[in-house]
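Give me a model of this one.
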Amino acid sequence: MDEIDKRILVELQRNARLSNQELADRVSLSPSPCLRRVRALEKSGVIRGYHASIDREQYGLPINVFVLVKLEKPTEDNMREFETQIESLDEVIECFLMTGNHDYLLHVVSASLKSYEQFIRKQLTRLPNIASIESSFAFGQVKRRTQLPRL
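Residues are numbered from 1 along each chain as shown. Predicted coordinates for the structure are as follows:
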């Protein structure tokens, strides 16, 4: 990946709805080579997709919870099973494998405290091999950034 590719990525992170012509103009390329570079970035997996950024509160999911999960036995099979199960839970919008005292950090969104309680009682605690669950509620979001820092 060269400097032109990085400039393309910066512009697409700012506005993924740019036309190829607008993008080419912003990175000082003609349209055909610009499109070839974008397609190459997509094919290589550097660009994974294009998404709309949604205001969760206006959408009806104002509750953000960060959940630490510890497995009873974090064996490869147990971890694979947990990760497969987590994929099916829509409330979990991010899941990170962690070092330290806990095995996973989940970012969970919810419409209300009651719906979060139901998620814990009826879904998360029913997953096999969970030793502990700790929830921390976010009062608000101080910073949200989708654009990666420039290298």
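
And the nearest residue to residue 27 once chain neighbours are set aside, which helix or strand is it part of?
In space, and not counting its chain neighbours, residue 27 is closest to residue 7: 4.5 Å by C-beta to C-beta, 6 or more residues apart in numbering. No exception for glycine: its C-beta is placed from N, CA and C like everyone else's. Using DSSP states H and E, residue 7 sits in helix 3-14.

average pLDDT across that helix?
The average pLDDT within helix 3-14 is 95.

next one: it to chain centre, how far?
Here helix 3-14 is found 20 Å from its chain centre; the criterion is C-alpha atoms, centre = their mean, to the nearest Å.

Return the set of buried residues in it.
Neighbour counts over helix 3-14 (16 or more other C-beta atoms under 10 Å) mark 5, 7-9, 11-12 as buried.

now the strands for this structure?
Taking DSSP state E as the test, the strands found in the chain are 63-71, 92-97, 104-110, 130-137.

Among these, which comes closest to residue 22?
Nearest of the strands of the chain to residue 22, taken as C-beta to C-beta: strand 92-97 at 30.3 Å.

Go through that closest one and flag the buried ones.
92, 95.

Not counting sequence-adjacent ones, nearest residue to residue 1?
Closest to residue 1 by C-beta to C-beta, 6+ apart is residue 46, at 6.9 Å.

Nearest spatial neighbour of the spatially most central residue of the chain, chain-adjacent residues omitted?
Nearest to the mean C-alpha position of the chain, counting by C-alpha atoms, centre = their mean, stands residue 94 at 5.0 Å. What sits nearest to residue 94 in space, not counting adjacent residues and going by C-beta to C-beta, 6+ apart, is residue 107, at 3.9 Å.

count of neighbours near that neighbour?
15 (other C-beta atoms under 10 Å).

separation between the residue of the chain most remote from its centre and residue 20?
What lies farthest from the middle of the chain is residue 30; by C-alpha atoms, centre = their mean that is 32.7 Å. Residue 30 sits 10 Å away from residue 20, going by C-beta to C-beta, to the nearest Å.
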